[in-house]
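1. quick check, what structure comes out for this input:
(one chain, ligands or ions: 1)
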Amino acid sequence: MIGATLDRIGGCITNFCDVYSKEFNRDSALMQAQRYRLQGLDALSRRVFSLATKIDINGAAVLEVGGGVGALSLELLKAGGAMAVNVELSRSYRDAAAALALEDGLQNRIDLVAADGVEAIGGLGSFDVVVLNRVLCCYHKGKDLLRVSADATDNMLIASYPTIHLLSKGLIAIGNRLNARRGCSVHPFIHSEEELGEPSQRGLVEVHRKARPVWTVRAWTRPAA
Ligand SMILES: C[S@@+](CC[C@H](N)C(=O)[O-])C[C@H]1O[C@@H](n2cnc3c(N)ncnc32)[C@H](O)[C@@H]1O
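-> Below you'll find the model as predicted:
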């Protein structure tokens, strides 16, 4: 995968891109990008970054699934990663990620793929670190997304998602009602423990699990053969 370039930006290979590009749109992409320019990684992304850099990141290949404007990918490249791929359903986020990569001079080390991770990841090869930050909660087939992500890592998989408790369930249920009223088809999902345990079913070993009031972060590694 090394040598990937922004030239591979192309049309989205799934109809989901239309739906997600409407919700994760140009305005929110520009806002996220500007926030990253001014403030760097937010607190949750910093937790994920610190876990990802627990392995030797020098020369590492990074896959960010639903990476939004690609802030984590950029930071992992700056920390020594060799290349990164961001598979993202929203074209607006993909475009904002391209702009940020250019500004940082990292455009030749990041590959921006507008696609559904479930469909695309199997064809991308393998990676040292695979990251799903705040993604599972935006996607209906959480188990499938975790399965392909787990299979794509040679070393570490990290996922963050809303901590499951009565309050978060209640807030998500309210959010879903509001979203339904305004005709929005992307809404938050809570996945079951069984779905979220998928990486262990794919041969990975859980090495980190920390639930804070809002976000849970988990990491798994692939045992040496
Ligand atoms: C809440 S945003 C988080 C973006 C970024 N990871 C962050 O933490 O700032 C969720 C992102 O996941 C993307 N996404 C959701 N399901 C996806 C899938 N199956 N494949 C690729 N991207 C997906 C959405 O388009 C959206 O940009």
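2. adjacent strands (with direction) for the helix or strand harbouring Val207?
-> Here Val207, judged by DSSP states H and E, is contained in strand 205-211. Partners of strand 205-211 in the sheet, by DSSP bridges, are strand 215-221 (antiparallel).
3. if you look at the partner strand, does any of it touch the ligand?
-> No - Strand 215-221 stays out of contact with the ligand when judged by CB under 6 Å from any ligand atom, the minimum separation being 10.0 Å. (C-beta placed from N, C-alpha, C; glycine too.)
4. name the residues that touch that strand?
-> Strand 215-221 is contacted from outside by 44, 47-48, 51, 55, 134, 150, 155-164, 196, 199-200, 204-210, using CB atoms under 8 Å, 6 or more residues apart in numbering.
5. so which of these sit within helices?
-> Counting by DSSP state H, those place Leu44, Arg47, Val48, Leu51, Ala150, Leu196, Pro199, Ser200 in helices.
6. least confident of those?
-> On pLDDT alone, Leu196 ranks lowest of these, at 94.
7. what's the burial count for it?
-> 19 (other CB atoms under 10 Å).
8. so what's it up against?
-> Per CB under 8 Å, 6+ apart, neighbours of Leu196: Leu136, Gly142, Leu146, Ala159, Tyr161, Arg218.
9. Ser160 touches Arg134, doesn't it?
-> Yes - counting by CB atoms under 8 Å, Ser160 touches Arg134, with 5.8 Å between them.
10. who's more crowded, the two?
-> Set side by side, Ser160 and Arg134 show more neighbours around Ser160, with 24 against 18, by other CB under 10 Å.
11. circling back: looking at the ones in helices among the contacts of strand 215-221, which one is closest to the ligand?
-> Leu44 (7.1 Å; CB to the nearest ligand atom).
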